[in-house]
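Colleague: After the sequence you'll find the predicted model.
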Amino acid sequence: MPETFASTVVDWYHANRRDLPWRRDGFTAWGTLVSEFMLQQTPVSRVIPRLEEWLTRWPTPADLAAVPPGEAVRAWQSLGYPRRALWLHAAAVAITERHGGVVPDDVEALLALPGIGDYTARAVAVFAYGARHPVVDTNIRRVIARAVDGQGEPPPPSARRDLAAMSALLPRELPAAAAFNAGMMELGAIVCTARAPRCDDCPLALQCAWRAAGYPAYEGPRKAVQKKYEGSDRQVRGRILAELRASHIPVTPEELEDVWPDAAQRDRALRGLVEDGLAVPEGGGYTLP
DNA sequence: CAGTCGTGGTA
DNA sequence: TTACCAAGACT
């Protein structure tokens, strides 16, 4: 039965996979690593142009490691969560110094790199190197919740439980296992979507526990409500960082006054940026690291 | 474990 | 317009 489930997804994937940059022949492991960093909480459509620029400028980890981290933050532009740019730069330094400039292929070594967690480590091992590991992202958790568990939404993430659930479905053979991981993500991304799933087009329709149960509403714990962005510290941090990105000389405190009127909130945001290593005091002002 | 961390598109 | 969502990681 799991065999049928997996082969259905694999067959569907081979017929329906989108032509994305990181799926092209000859795409490097470094390219895969960069794409996975960028795709953490950022939509595919916004990632693609930044990724192309990034890999043209820094085609290897050593190329990125050779420039100051602030250059990575600048090239990150408005992808969001700029700490990822800092971590990606730090990962490039570690790869250059500890791994001879070659992106590691084992999960343990990948997990040891900054900014790489359970998802990204396995995604790189599987998509760049073809290893057999369960990959679990938000798409896959949703597909399993519906097709297997009959729930409209997944419960809050649990690495142990989620990895075990995906492992139970994973084909034993190597090429199929990798295609199953990619296929489950793709299915969640373009068919079994969060808002308006296209169940009529779903290859798993006949096997879907959620459909069989009549699409019951989700009963479990609600996910934490995301706080409003407008007026938040995050927005202030974003505004300040945009100023630093746009300037190649220290931005003065006076210039930052124009960015946000509330001095207390502005200072709090600035302190946070300095703590995170995204801003550096210099010459009475602030610059990128 | 819950809070924090950007930004833009869509319903 | 507000609210939700997007290939998560770290503290």
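Modeller: That came through, no problem. Numbers count the residues shown, from 1 in each chain, chains lettered A, B, ... in the order given.
Colleague: Where do the helices of the stretch 151-289 of chain A begin and end?
Modeller: A:159-169, A:174-190, A:209-212, A:233-246, A:253-257, A:263-275 (DSSP state H, counting those that start in this stretch).
Colleague: Show me which residues of the fourth one are buried.
Modeller: Spelled out, that is helix A:233-246. Of all the residues in helix A:233-246, those buried under the rule 16 or more other CB atoms under 10 Å are A:234, A:236-238, A:240-241, A:244-245. Heads up, the C-betas are built off the backbone N, CA and C, glycines and all.
Colleague: And the longest one, by the same measure?
Modeller: Buried positions in helix A:174-190, judged by neighbour count with 16+ other CB under 10 Å: A:176-189.
Colleague: and it, does that touch DNA strand B?
Modeller: No: contact of helix A:174-190 with DNA strand B is not found when judged by CB under 7 Å from any atom of the strand; the minimum separation is 13.0 Å.
Colleague: what does that helix contact?
Modeller: For helix A:174-190, the surrounding residues in contact (CB atoms under 8 Å, 6 or more residues apart in numbering) are A:6-7, A:9-10, A:12-14, A:16-18, A:44, A:126-127, A:130-135, A:137-140, A:142-144, A:166, A:169-171, A:198, A:202-204.
Colleague: Check the shortest one too.
Modeller: Taking contacts as CB under 8 Å, 6+ apart, the residues outside helix A:209-212 that touch it are A:145-152, A:199, A:205, A:216.
Colleague: Just give me the neighbour total for the residue of the stretch 51-200 of chain A found nearest DNA strand C.
Modeller: For the stretch 51-200 of chain A, the nearest residue to DNA strand C under the criterion CB to the nearest atom of the strand is residue A:117, separated by 2.7 Å. Residues within reach of residue A:117, counting by other CB atoms under 10 Å, total 12.
Colleague: By mean pLDDT, flag the weakest helix or strand of chain A.
Modeller: In chain A, the helix or strand scored least confidently by mean pLDDT, DSSP states H and E is helix A:2-16, which has a mean of 92.
Colleague: May I have that helix as PDB, with CA atoms only?
Modeller: Extracted in PDB, the C-alpha atoms of helix A:2-16 (Å, rounded to 0.1, in the frame of the first residue of the first chain):
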ATOM      1  CA  PRO A   2       2.800   2.500   0.800                       C
ATOM      2  CA  GLU A   3       4.300   1.300  -2.400                       C
ATOM      3  CA  THR A   4       1.300   2.400  -4.400                       C
ATOM      4  CA  PHE A   5       1.200   5.700  -2.600                       C
ATOM      5  CA  ALA A   6       4.900   6.400  -3.300                       C
ATOM      6  CA  SER A   7       4.900   5.300  -6.900                       C
ATOM      7  CA  THR A   8       1.800   7.400  -7.600                       C
ATOM      8  CA  VAL A   9       3.600  10.500  -6.300                       C
ATOM      9  CA  VAL A  10       6.800   9.600  -8.200                       C
ATOM     10  CA  ASP A  11       5.000   9.000 -11.500                       C
ATOM     11  CA  TRP A  12       3.000  12.300 -11.100                       C
ATOM     12  CA  TYR A  13       6.200  14.200 -10.300                       C
ATOM     13  CA  HIS A  14       8.000  13.000 -13.400                       C
ATOM     14  CA  ALA A  15       5.100  14.200 -15.500                       C
ATOM     15  CA  ASN A  16       4.300  17.400 -13.700                       C
END
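Colleague: I'd like to know which elements it is packed against.
Modeller: helix A:159-169, helix A:174-190 (3 or more CB pairs under 8 Å, 6 or more residues apart in numbering; DSSP states H and E).
Colleague: buried ones in the shortest one?
Modeller: With burial defined by 16+ other CB under 10 Å, the residues of helix A:159-169 counted as buried are A:162-163, A:165-166, A:169.
Colleague: could the helices of the stretch 151-289 of chain A go into TSV alongside distance to residue A:31?
Modeller: Listed next are the helices of the stretch 151-289 of chain A as TSV, based on distance: least, CB to CB, whole Å:
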stretch	distance to residue A:31
helix A:159-169	24
helix A:174-190	16
helix A:209-212	35
helix A:233-246	24
helix A:253-257	36
helix A:263-275	29
